[in-house]
Structure formats: C-alpha cells, structure tokens
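Participant: any chance you can model this:
(2 chains)
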Number of protein chains: 2
Amino acid sequence: MLYFVGLGLGDEHDITLRGLQVVRACSAVYLEAYTSLLCFGIDSSAISTLEKLYGRPVTLADRETVEQNADKILEEAKSNDVAFLVVGDPFGATTHSDLLVRAWSMGVKVQVIHNASIMNAVGACGLQLYRFGEAISIPFFTETWRPDSFYDKIKSNRLLGLHTLCLLDIRVKEPTLESLCRGKKEYEPPKFMTVNTALEQLLEVEEIRKGSVYNSDTICVGLARIGNSTQKIVAGKMKDLLAVDFGPPLHSIVIPGSLHPVEEEMLAFFSIERTEDTEIAQT
Amino acid sequence: MLYFVGLGLGDEHDITLRGLQVVRACSAVYLEAYTSLLCFGIDSSAISTLEKLYGRPVTLADRETVEQNADKILEEAKSNDVAFLVVGDPFGATTHSDLLVRAWSMGVKVQVIHNASIMNAVGACGLQLYRFGEAISIPFFTETWRPDSFYDKIKSNRLLGLHTLCLLDIRVKEPTLESLCRGKKEYEPPKFMTVNTALEQLLEVEEIRKGSVYNSDTICVGLARIGNSTQKIVAGKMKDLLAVDFGPPLHSIVIPGSLHPVEEEMLAFFSIERTEDTEIAQT
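Facilitator: Residues are numbered from 1 along each chain as shown, chains lettered A, B, ... in the order given. Now for the predicted structure:
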C-alpha cells in the first residue's frame, strides 16, 4: 500500500492520529522536500525530530528523487507499506497526482490521509471559503520573464464579487545559470516570495495593463505561516501592506471581492491599524 | 483561551496531535453538532468514544445551544481553556465566525487548529484545487421553494473553464411544521441530500432555465464520505450517476470545467465503468 499522508501546516504535531499510526507501521517513509524545506526548515535536526516521533527513518525526497525513483518507490509499495509525506494536504501539487496515477496504473493500492492546506486554512482571515473564485499563482518576475495571466483571473473573480487567493512563488533546488551552462549540478539557495514582492508585482501589472482591477488603495490581506503559532494576518491597503514585515515563509495574499457583514467584521480585527497596536487575534 | 479545533473528515482518529494535546488540557469541551451528527453518527456511544480518547467530558452543542450559551462559553474561556470541536476545518461555516468575532470582541484569546475539510479534500477526485471556481450550495427543493441561484454560478464557472464543487443540503434539528404551529419543540429526523437528489434538482433547473450550462450527458463526479475508509468517488454522465448508490452521508458533487490531461487521467480511474468492475482506488 502507498499512503499519501498530509502533514498539515504547522510543525510535526499537525499530523493526524490516523496519519501517525500509518507512518509508524510503514517500512519506508519519504518526505516530499519541495515545501517542507520552507515550512519545517528541514535540516538534519528537523529530520531527526520527525524520525523520533515516527520511530522510522525518513528519506527526504525532492522532485528529482521522486521522478527518478518513482518505479523503485512503487515497486516497494506493491509488497510493503510505504508512506509519502506531504506538507499540507497531499493534493496541493500536481507532482503527487502524477505519482498517484502511476501507482494506480501499476495496480498499487493507495490510501490518502488528508490534512489542512492553505486552500482551506485561508479561512482564518475571516473571508468565507465558498466566496473564493479561482486561486492564482504569482511567479517571480525576471528581467525577461514577467507573465501576468493571473491579472485576468483576478479581474474575473472581482467582477463576480469573489475573493482571490494568491499563492506566492517558491524556488527550491533551482539550478544556477552557471551550473546549467557547465552541465554540473549546483543549486540556488531556496527562495520564497514575500507579500511585499508580490504586491509590487501586482501593482506593476496593473500599471501596465490599466484594467482598473485594483490599485494601491485596494484593501487586501497578507498572510504568513498560517496554522503555525507565529502566524501573521494583516489587512490593509496594498500601499500600506508594502511596508509590513511578515517575517519567515510561507506567505500568501487574498484580494477580497465584495464583503459580507460578518467578513467585514472579521477583517476589521486584522486591520493594519489594529494589528500595529496589539497582537490580538494573531495566535 | 478558546480553541477552535478541526476534527477532519473521517472519525475520531482524524484529529491532529496538536488538537488532541489541546483538547486533553481543556477544562470544557464542546462538540458542534450540526455536521458531526451525520459524520460520526453521534449518539451516546460515539460521544463516549471521544470522551475516552480525550479523557474529558464532551458536551454536544447544537446551533441553538451555541447561540443561547455563547456568553457562558466565552465567559468560561476568559479564565479557562475551552475547546470547541468542529468536524472538518473550523472555518467551514459562518456560525463559527460569529462565535470567533464575539470572542475577540470580549477580549478572549482564540487559537485555531486547522484540519482537512471538503473544500480541500475534494482534490481526492483528481481535479486540481486551483482550477475550482466559486463553490455552490444546493438546498432541498420543496413544493413552494425551489431557489436556483446556484445555476448562474455554475454557468460563470463553466464559462471560465473552472470546476464547481456542489455542497449538498443537510437538515439537522429542523422543527416540524406541527411543532411550529403548536409552539412546542419537535424536530424532523436528520436528513442529508444524496448525489441522486442533487442531480435530479440540477437537471430540473436546466430544464427550466434552458441555458445549456449542462445536460444529462455532462460528465460529473459524485463523492461520498471523503476522508473516511468507506469513501466512494464515481465519475460519469449525470444520467448514469442518477442510478448509483453512494451510501451513507455526506455526499457532494463536482461539475468539472475544462480538463487538463492529468485531471482526465485521474478521473478515468473513477469512471462509472471502471468502478463497477472493481473497487480500485476507492480506499
């Protein structure tokens, strides 16, 4: 059996009892490295914390490892119980769907153990989940690559009065330009997009596209480390949030659509004026 | 401190380690009754299972209890640790936002412990979460009340190529007509909408509105008991799913928008033809 186990959003204590029971009984345990690196700050001590909790050795598996060793993992799962641990919920990323489809194709039994992910925990900011439209991803702009298709999606959502969850770019194990030229493997240090960078990019796109979808006075919500004890949520005008320090990863943004009274009331607790005075409601 | 603790989607083992730790240390534990009644089949034995796991007495709190006793609960949470347990994630329903806002207004500290909810676990059917548009709710039609505003939302989503999650009606503690007339409290037995009833209502609305948003040949996905070991997912034409028995609650439906290749591949594993042959991928 291949178990996909969601680890939730905080730390090692956010696994479910069912998940822990499964992991403890597995003969092999892989930890997906893409987001876990930024959430758990995975290093040897973080891995050993997990190993102690699970009573099992844990193998860190980056995308390359998963892609190159999928056959080995799946072959193993044919006769033994194998756990594949994913930060958040297992269906947050397409990579895992690929592994799942391959497992089914090979006749490997699969079980999924769900957990919280940013896609539902974003409700913590007070905006109702059923009033969100399509979620968007904001990639790091480079000198030559500044894709802005997310702008049209925000526009569609706002025309319908819907909120937009903006997922911000994460760069893990990106080969350096130098290493690509020389053909040897060297990686950039991990990099995550801050609320501030995302807002700058959003405003730059509005400046170019001029569709009046939003502007620097538009109220939006910056979120950092949702589900973690250090979580931070601040609502305010885009121009004001530009100066807020949201701290370590992961960050995301919500651009609200129309607001219901309860939503307005809840957002008020996270307003930039109020959160500057006190840390109420931040934990 | 008032803790909102998500219980996830399956049974008592879907609480997180963090959640369990909190609940065990609380002086009072309330269990929200609205959905838990249908998920856990809450009766005295189910409650005592939870009490045994938590080592704490558990009070079942329906909406009335919460609304009428909110002050008492919040007053208690001022000086003691109180847990409010919610099936799924705490932010699935507006009721809890109300309690949260009241807590903050009274200066009661609040902490939220997230978990899986249908809003993210729906990814189990193979459709990517970031390609979902606005979620809709389908209410039970009566002789005189057949609201169909969800039709326009499905239309908007499909025009944008987005998937629609349809949440199906749950009726818990509805007063009987007789009891309303006589002024004494008697309740209808709990009632949940099946995939089949929802499909009938969807097709009836298309028949009346004639917007060609979908028809009986439209592929959609029926889901039951997601996150539970008996979960069932079947994809097929609306007219074919009408005859499928999805079993006990809770049910939901996804009406897909345009499909990416990986999504198509995953949905194929849940196709009605395949699932009739074998129980592959159902657990």
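Participant: was I right about residue A:244 contacting residue A:220?
Facilitator: No - under the criterion of Cβ atoms under 8 Å, residue A:244 lies out of contact with residue A:220, with a separation of 11.4 Å. Glycine gets a C-beta too; all of them are placed from N, C-alpha and C.
Participant: low-confidence ranges, the stretch 51-200 of chain A, go.
Facilitator: Low-confidence segments of the stretch 51-200 of chain A, defined by pLDDT under 70: A:93-95.
Participant: ok, which stretches of it are helices?
Facilitator: Using DSSP state H, counting those that start in this stretch, the helices of the stretch 51-200 of chain A run over residues A:63-79, A:94-105, A:118-121, A:150-159, A:177-182, A:195-209.
Participant: out of those, deepest packed?
Facilitator: Comparing those on average neighbours per residue, with mean count of other Cβ atoms under 10 Å in any protein chain shown, the densest one is helix A:118-121 at a mean of 28.
Participant: briefly note if that helix comes near chain B.
Facilitator: Yes - shown here: helix A:118-121 in contact with chain B (Cβ under 8 Å from any Cβ of the partner chain) through A:119-121.
Participant: ok, back up a step: so which of the helices of the stretch 51-200 of chain A gets nearest residue A:22?
Facilitator: For those, the distance to residue A:22 is smallest for helix A:63-79, at 12.7 Å, taking Cβ to Cβ.
Participant: rewinding a little: okay, the helices of the stretch 51-200 of chain A in CSV with distance to residue B:195 next?
Facilitator: Putting the helices of the stretch 51-200 of chain A into CSV (distance: least, Cβ to Cβ, whole Å) gives the following:
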stretch, distance to residue B:195
helix A:63-79, 31
helix A:94-105, 23
helix A:118-121, 22
helix A:150-159, 28
helix A:177-182, 50
helix A:195-209, 39
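Participant: of all these, which one is nearest residue B:262?
Facilitator: When these are compared (using Cβ to Cβ), the closest one is helix A:94-105, at 5.3 Å.
Participant: next, the angle helix A:63-79 makes with the closest one.
Facilitator: For helix A:94-105 and helix A:63-79, the angle between their directions (axes from the mean of the first three to the mean of the last three Cα atoms, to 10 degrees) works out to 30 degrees.
Participant: residues contacting helix A:94-105, please?
Facilitator: The contact list for helix A:94-105, computed with Cβ atoms under 8 Å, 6 or more residues apart in numbering or on different chains, reads A:2, A:4, A:32, A:34, A:63, A:66, A:70, A:73-74, A:77, A:84, A:86, A:90-91, A:110, B:126, B:128, B:262, B:265-266, B:269, B:280-281.
Participant: emit the ChimeraX select command for whichever of those are buried.
Facilitator: Typed into ChimeraX, the line below selects the buried ones among the contacts of helix A:94-105, using 16 or more other Cβ atoms under 10 Å in any protein chain shown:
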select /A:2,4,32,34,66,70,73,74,77,84,86,90,91,110 /B:126,128,262,265,266,269,281
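Participant: quick one: the strands in the stretch 101-250 of chain A?
Facilitator: Under the criterion DSSP state E, counting those that start in this stretch, the stretch 101-250 of chain A carries strands at the ranges A:110-113, A:136-138, A:164-168, A:170-171, A:191-192, A:219-224, A:232-237.
Participant: who are the packing partners of the second one?
Facilitator: Using 3 or more Cβ pairs under 8 Å, 6 or more residues apart in numbering or on different chains; DSSP states H and E as the contact definition, the elements that strand A:136-138 packs against are helix A:150-159, strand A:164-168, helix A:195-209.
Participant: relative to residue A:106, which of those is closest?
Facilitator: Proximity of these to residue A:106 was assessed by Cβ to Cβ; the nearest stretch is strand A:164-168, lying at 31.0 Å.
Participant: and chain A, what are its domains?
Facilitator: Chain A breaks down by automatic domain parsing into domains covering A:2-116, A:119-277.
Participant: and the shortest one, end to end?
Facilitator: According to Cα to Cα, to the nearest Å, domain A:2-116 extends 20 Å from its N-terminal end residue to its C-terminal end residue.
Participant: once you drop chain neighbours, what's closest to the residue of the stretch 101-250 of chain A at minimum distance from chain B?
Facilitator: Distance from chain B to each residue of the stretch 101-250 of chain A (Cβ to the nearest Cβ) is smallest for residue A:123, at 2.9 Å. Across the structure, with Cβ to Cβ, 6 or more residues apart in numbering or on different chains as the measure, the residue nearest residue A:123 apart from its sequence neighbours is residue B:91 (2.9 Å).
Participant: roughly how far does that neighbour sit from residue B:136?
Facilitator: Noted for residue B:91: a distance of 18 Å to residue B:136, by Cβ to Cβ, to the nearest Å.
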